[in-house]
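Enquirer: Have a look at this prediction, sequence included:
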Amino acid sequence: MIVRLSALRAAGFVVTLAAAPVALAQQPATPEQTDPQRAPQQPATQQAEAKQAQPDAQMQTVLEALKALQAKPFHTIGVPEARTQASAADAARTVQRDAKISPFPEAKVATKDIAIPTANGGLPARVYTPEGKGPFPVVLYFHGGGWVVADINTYDATPRALALGAKAIVVSADYRHAPESRFPAQHEDAWAAYEWTVENVHTLNGDAKRIAVAGESAGGNLAANVALMAKAKKTTQPVHQLLVYPIAGNDLDTPSYRENANALPLGKADMEWFISHVFTSKDQTADTRINLVGRDDLGGLPPATIVTAQIDPLRSEGQALAEKMKAAGVSVNLINTEGTTHEFFGMGKVVDKAKAAVDAANADLVKAFTK
C-alpha cells in the first residue's frame, strides 16, 4: 500500500497525518506502518514489556492539573463518584484559567439547549451555531465517557471548535447512560438523534444535505455506527465521519493496551470497568456494533477522519479500523499524535497538538461540505 505522509507543524511540534486515497488502497497498511510503537516480528514477551511513552510538556501539565483536582482512576471508584469527580476537561480548563488564556474566539459560538424527542424520552442536546448567514452544514456530535460518565457539558470544547473551524452547526446529542441503561440503548439513541437531525435541522438553519457525524471515544463508536446504519437502511448518509480515538474493537491485548495499561486518564483496568457497567456480559462486546474492526461491511461508507493518541489503550483499534476502511475502499485520513493521551482532542486552548488535530479535522469537514 502507498501511504501519503504529511507533517502538520505548529508551535514547534509535529503531528503525523497519514492519508490514503481510494485509488492507492491496494491492501491494508501493515501494523508496523501505522503503529510505530510496534517493532516488526516482535516476540509476545517483548511486546508485553513495551514501555509507555512520555506525554509532552503541555500534555503533562494537564495531567498534573487532573491529579491536583484529586481525580481517581475510574476502576478504583463507583459510578456516582466517577460522574461527579473532576474530568480531563476540568483539568484543561484549570490550566487555561491559570495561564490566563482567552476563551475567545470559541466563546463567540452561540448555543441553545434543546431536547430531541425519541421513543425512550427526550435526549438533552446542545446546538452550537457559528457567526454568519446560513443555512449551515451540520455536524451531529456524540460525547465520550465510556457510555457511563460525562455529558454534553463535560464535552463542550470540541463542539465549539468544530462549529468555529468548520463553520457548521454542531448538534451535541446526549444518550442514555449505563448501568441504568445498558447496551445497546446508547446506539438506539444515537440513531434516533440522527433521524431527528436529518428531518428537523432545517428549523435550526441547517442544511440536511450536508450532515457529518462526529464523536470521541465511546461517541466515536456511536458516530461510526450511525454511518453504518444509514448505509444499511439506504437512507440519507452523512457526508463525512470524524472518529476521535473511537472504541472500535473488543481486544484488550493489543499493542497499545499493553503499552498503556496504566496510562492516565484512561488505562486498561478503566476500560474493563466501563465494560462491566455497559454490558451484561463480556461476550456482548463481540457484537459488530462494538467490534467494528471485525466487520466485513465497511465498504460504501463516507470518507472518514480518524484521530488517535499515542498514549491511549484505544490507539491500536482506531488505527486497525482505519486500515480496514481503507482496504474496503473508503477514503481515510488517519491522524496520530505523539506525546498525547486519551481525551487530548478537546484541549486545543492549552495543548498545541490538540489544536493542530482539530484544525486538520475541520479542514476535512470543510472539504466534505463543499463537495
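Expert: Received the coordinates, thanks. The structure presented is a predicted model; accordingly, all values stated were derived computationally and were not measured.
Enquirer: what about the strands in the stretch 201-350 of the chain?
Expert: Here the stretch 201-350 of the chain has its strands, by DSSP state E, counting those that start in this stretch, at 206-216, 240-244, 304-311, 332-341.
Enquirer: so can I have TSV of those strands showing mean pLDDT and mean neighbour count?
Expert: (Glycine included, C-beta is placed from N, CA and C.) Formatted as TSV, the strands of the stretch 201-350 of the chain follow (pLDDT from 0 to 100; neighbours: other C-beta atoms under 10 Å):
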stretch	mean pLDDT	mean neighbour count
strand 206-216	97	24
strand 240-244	99	29
strand 304-311	98	28
strand 332-341	98	25
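Enquirer: Using a markdown table, lay out the ones you listed together with distance to A322.
Expert: Listed next are the strands of the stretch 201-350 of the chain as a markdown table, based on distance: least, C-beta to C-beta, whole Å:
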| stretch | distance to A322 |
| --- | --- |
| strand 206-216 | 15 |
| strand 240-244 | 9 |
| strand 304-311 | 5 |
| strand 332-341 | 4 |
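Enquirer: Would you mind saying which of those strands lies nearest R258?
Expert: When the strands of the stretch 201-350 of the chain are compared by C-beta to C-beta, strand 304-311 sits nearest R258, at 12.7 Å.
Enquirer: Strand partners (parallel or antiparallel) of the closest one?
Expert: The pairing partners recorded for strand 304-311 under DSSP bridges are strand 240-244 (parallel), strand 332-341 (parallel).
Enquirer: Select, out of the ones you listed, the one closest to F142.
Expert: Among the strands paired with strand 304-311, strand 240-244 sits nearest to F142 (C-beta to C-beta), with 10.2 Å.
Enquirer: quick one: contacts of that closest one?
Expert: Under the criterion C-beta atoms under 8 Å, 6 or more residues apart in numbering, residues 139, 158, 162, 212-217, 219-220, 223-224, 227, 301-307, 318, 321, 345, 361, 364-365, 368-369 lie in contact with strand 240-244.
Enquirer: which residues touch K349?
Expert: Here K349 is in contact with A92, Q96, I101, P103, E106, A157, K355 (C-beta under 8 Å, 6+ apart).
Enquirer: can you rerun that using 10 Å?
Expert: Applying C-beta atoms under 10 Å, 6 or more residues apart in numbering, one finds that K349 lies in contact with 92-93, 95-96, 99, 101-103, 106, 157, 160-161, 355.
Enquirer: cool, and T76?
Expert: So T76 contacts A82, A269, D270, W273 (C-beta under 10 Å, 6+ apart).
Enquirer: which residues of this structure score low on pLDDT?
Expert: 1-49 (pLDDT under 70).
Enquirer: Do a quick rundown of the helices in it.
Expert: Secondary structure of the chain by DSSP state H: the helices cover 31-34, 44-48, 57-68, 79-84, 88-98, 157-166, 185-200, 218-233, 255-259, 268-278, 315-327, 352-370.
Enquirer: Now tabulate those in TSV and tack on mean neighbour count and distance to H143.
Expert: As requested, these are exported to TSV (neighbours: other C-beta atoms under 10 Å; distance: least, C-beta to C-beta, whole Å):
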stretch	mean neighbour count	distance to H143
helix 31-34	17	26
helix 44-48	11	32
helix 57-68	18	18
helix 79-84	14	13
helix 88-98	19	10
helix 157-166	24	8
helix 185-200	20	11
helix 218-233	23	5
helix 255-259	23	22
helix 268-278	19	14
helix 315-327	25	17
helix 352-370	21	15
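Enquirer: okay if I get those helices as JSON lines plus distance to G294?
Expert: Listed next are the helices of the chain as JSON lines, based on distance: least, C-beta to C-beta, whole Å:
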{"stretch": "helix 31-34", "distance to G294": "16"}
{"stretch": "helix 44-48", "distance to G294": "21"}
{"stretch": "helix 57-68", "distance to G294": "31"}
{"stretch": "helix 79-84", "distance to G294": "29"}
{"stretch": "helix 88-98", "distance to G294": "29"}
{"stretch": "helix 157-166", "distance to G294": "28"}
{"stretch": "helix 185-200", "distance to G294": "16"}
{"stretch": "helix 218-233", "distance to G294": "13"}
{"stretch": "helix 255-259", "distance to G294": "16"}
{"stretch": "helix 268-278", "distance to G294": "16"}
{"stretch": "helix 315-327", "distance to G294": "9"}
{"stretch": "helix 352-370", "distance to G294": "26"}
